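Asks: could you look at this predicted model? Sequence included:
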There are 2 protein chains.
Amino acid sequence: MFSEKMDLRLPGPVQVPKEIQRAMLQSFDSPMMDYRNPQFQEVLQQTIQKAKMIFQTENLVIPLTSSGASALEAAIVNTVGKNDTIILCVIGYFGEYLQKITNHIGCNVVRIEAEWGEVIDPEDVRKALKEHPEAKAVFATHCETSTSALNPIQEIAAIVKETDALFLVDAVSSIVGAPLYMDEWGIDIVATGGQKALMLPPGLALITVSEKGWNVIDQQDCPSFYFDLSAYRKSLDAGVGTPYTPNIALVSGLLEACNMIERGGGMEQEFKRHAALRDMTRAGVRALGVELLVADEAASPTLTAVKLEEADEFRKLMRETFHIALGGGLGKVKNKIVRLGHMGYTDAADILKMFAAIELGLRQSGHDVELGAGVAAAQKQWLENPNC
Amino acid sequence: MFSEKMDLRLPGPVQVPKEIQRAMLQSFDSPMMDYRNPQFQEVLQQTIQKAKMIFQTENLVIPLTSSGASALEAAIVNTVGKNDTIILCVIGYFGEYLQKITNHIGCNVVRIEAEWGEVIDPEDVRKALKEHPEAKAVFATHCETSTSALNPIQEIAAIVKETDALFLVDAVSSIVGAPLYMDEWGIDIVATGGQKALMLPPGLALITVSEKGWNVIDQQDCPSFYFDLSAYRKSLDAGVGTPYTPNIALVSGLLEACNMIERGGGMEQEFKRHAALRDMTRAGVRALGVELLVADEAASPTLTAVKLEEADEFRKLMRETFHIALGGGLGKVKNKIVRLGHMGYTDAADILKMFAAIELGLRQSGHDVELGAGVAAAQKQWLENPNC
């Protein structure tokens, strides 16, 4: 009966709202929208303008028809070449991802690390930049999706800004959920994807570059043809759209996502809403006596990782019995944590539902939890801050 | 942000599953299916065959392209004429509905009543039949959707069966959820709609008639052209489809609904599943100290009515704050009850979510409820009977 019923409490993708489904469908119902016609060019221009708020920037926002990972690669290959030094801030699986990209290119990598679940000490970045004045860039993940820890991007930016190095940020799973002020904080490149708090189906990446960043890019030979950002800037600045066929449906969907965020009260409201969802979630987890992976001060507003033995068996039970999909552990925490997604199209009642089902799921897997306890704690938190 | 987000905990319509959405869409994507072509005739034949299980009957099941109300009218106008006597069992708003139809036709109506929230005493039917041997039919609502009370259809059927009168049943909001065995119990006409536990969007009615029923219909002049059931039987028996253009999308959707029910374990499993959802709901309501309208022995498996002052203000809060739609009171209980729907595409976690949100909603409207108490009681009930 319920083989296709599923609540996505994942760290992305999330439920795609009806409004976005309609906007996407309209672009390809019949006739399929032609990307060279004025109708789509108007959609594209509006989208690019509105998407600035996502990054809190005045810089050009470039949509890439590719997934989030490609924006991370684009940030690197446009600014750092073979044998160039790059400082990577690694606090989990997606930090290691940056290492894989830089390995592929052949960069000299300086790693700054923290335990999984913890975050980078900005002073380590200052030290690394002093020891490696040749470093062309520092790259940090904002929300480390594998652990739900949020790196102190503002503090790191303040340090990198004083040097010639660029500061690149992977904001794939933080964007819209966690406060990020590109211009005010002085970040040079922010790379993200649409399938998290932007509520789109996967397939669209976004990247935006500061003036300091473009100055470097202008001097750099980009080994990639498709991800050469100069080509995008040239084409978009000339008002002729993207240089290659854009994902028309997802661009149309992104415009509607921006409109939904505006109608809902704008970016500040999104930040508050996600923080409230996180606080409900953490209150619920604590009441169940289950251990949070990340300390309060570094907890992402978009997802929450929880330590649990035999996590994957528990997730299977949650999917099959209650039709709720939870995220699993990646890499070295596989089967040891559960990641609870609370980003994008998620409301307070969704969080309460998740806890009610988790309580039964834990009971069914032999844990001694008090029925209703997690729900009651999350409810209490909501009464204190009903901002979601 | 959430203006289009809504969980339907209504007494219908309910969430339409993806499987049914797809089946419907396939019938009119492109090209639109032609109802005279063999492809649709095959769908129609399969649907009519499979739909027998819905009524637990071997009789012909007739799909009407119209809403549930029309099947009630069709049951009457095909069997009872002006000045004929009909016994109506009235226990709420939809019982009164039958009175309106019979008034329109000009029948002599004998009413058997019970208080709203209570059910008919079958002995009253026996008495009425004795006092009115001229009665051509007895009509009873199975689940009275306005109160969530379930009439004792099996007992009434046993009494009517012994007479020449026909027994007509409105099974609109009970079908698939509450046990109903047309042939075994000896019911002559069952009328229902697709938008309740059959999980279809509104627009399709179903009606089925026993041999005893057809014998009466054959003698009757039906004042309606469109709802003259003889025309449907003739056309369907001849294998040329329905006499008038059928709702192709909804017939296609009904076939998929039948397939989903079969894949899920069949009708007996549906009965068990709905009973389990009802029992969770009643346990939750009791734990919140809110009064149930209907006693356990007469409680419908498809919805539960709960007494609440200023019910409509509460429902508004539930919609706007938690994006959950609850049913309101009709007729004389307007604003005095809330109706909690738990039919069709509803799982245990949906019920828990509803209670978690109801608890906060009651708090916000000034009621002193213990957070988590309703959820915990429903969870406990689920642990005792996890059949949903």
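Replies: Received it, and whenever you're ready, just let me know what you need. Numbering: from 1, shown residues only, chains lettered A, B, ... in the order given.
Asks: residue A:2: neighbour count?
Replies: Residue A:2 sits with 17 neighbouring residues when counted by other CB atoms under 10 Å in any protein chain shown. Backbone N, C-alpha and C define where each C-beta goes, glycine included.
Asks: helix or strand right after the longest helix seen in chain A?
Replies: Selection of the longest helix in chain A by residue count, based on DSSP state H, yields helix A:266-287. Note on helix A:266-287: by DSSP states H and E, the next helix or strand toward the C-terminus is strand A:303-307.
Asks: got the buried residues for the helix or strand following that next one?
Replies: Downstream of strand A:303-307, the first helix or strand assigned by DSSP H and E is helix A:311-322. Residues A:311, A:314-315, A:317-318, A:321-322 are the ones in helix A:311-322 that count as buried (16 or more other CB atoms under 10 Å in any protein chain shown).
Asks: if we can go back for a sec, quick one: the longest helix of chain A to strand A:303-307, angle?
Replies: 20 degrees (axes from the mean of the first three to the mean of the last three CA atoms, to 10 degrees).
Asks: in helix A:266-287, what's buried?
Replies: Buried-residue list, helix A:266-287, by 16+ other CB under 10 Å: A:267, A:270-287.
Asks: figure out how far that helix is from the centre of its chain.
Replies: How far helix A:266-287 lies from its chain's middle: 16 Å, per CA atoms, centre = their mean, to the nearest Å.
Asks: just stretch A:300-311 next, same as before
Replies: 16 Å.
Asks: how about residue A:334, nearest residue that isn't a chain neighbour?
Replies: Of all residues not flanking residue A:334 in the chain, residue A:328 sits nearest, at 6.8 Å (CB to CB, 6 or more residues apart in numbering or on different chains).
Asks: could you do residue A:55 as well?
Replies: Nearest to residue A:55 is residue A:182, by CB to CB, 6+ apart, at 4.5 Å.
Asks: pretty sure the one you found contacts residue A:209?
Replies: No - the pair residue A:182 and residue A:209 fails to qualify as a contact (CB atoms under 8 Å) at a distance of 9.8 Å.
Asks: quick revisit: list just the nearest of the buried residues of helix A:311-322 to chain B.
Replies: residue A:322 (4.3 Å; CB to the nearest CB).
Asks: pLDDT score for the residue nearest to residue A:152 when sequence neighbours are not counted?
Replies: In space, and not counting its chain neighbours, residue A:152 is closest to residue A:122: 5.7 Å by CB to CB, 6+ apart. Here the pLDDT value assigned to residue A:122 is 98.
Asks: by proximity to chain B, which residue of the stretch 51-200 of chain A wins?
Replies: residue A:199 (9.6 Å).
Asks: quick check, that residue in a helix?
Replies: No - using DSSP: H, G, I helix; E, B strand; the rest coil, the assignment for residue A:199 is coil, not a helix.
Asks: and the closest residue to it other than its chain neighbours, what pLDDT?
Replies: The shortest distance from residue A:199 to any non-neighbouring residue, by CB to CB, 6+ apart, is to residue A:344 (4.4 Å). With respect to pLDDT, residue A:344 scores 98.
Asks: circling back to that earlier point, so how far is residue B:98 from the residue nearest to residue A:152?
Replies: 75 Å (CB to CB, to the nearest Å).
Asks: can you check residue A:209 too?
Replies: Distance from residue A:209 to residue B:98, by CB to CB: 71 Å.
Asks: picking that back up, quick one, which of residue A:182 and residue A:209 is more surrounded?
Replies: Of the pair residue A:182 and residue A:209, residue A:209 is the one with more neighbours under other CB under 10 Å, namely 30 against 25.
Asks: joint contacts of residue A:182 and residue A:209?
Replies: Listed as contacting both residue A:182 and residue A:209 by CB atoms under 8 Å, 6 or more residues apart in numbering or on different chains are residue A:59.
Asks: related to what we said a few turns ago, ok, now which ones touch the residue nearest to residue A:152?
Replies: A:152, A:155-156, A:158-159.
Asks: need those residues in CSV with secondary structure and neighbour count, can you?
Replies: Rendered in CSV, the data for the contacts of residue A:122 read as follows (DSSP: H, G, I helix; E, B strand; the rest coil; neighbours: other CB atoms under 10 Å in any protein chain shown):
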residue, secondary structure, neighbour count
A:152, coil, 18
A:155, helix, 15
A:156, helix, 28
A:158, helix, 16
A:159, helix, 20
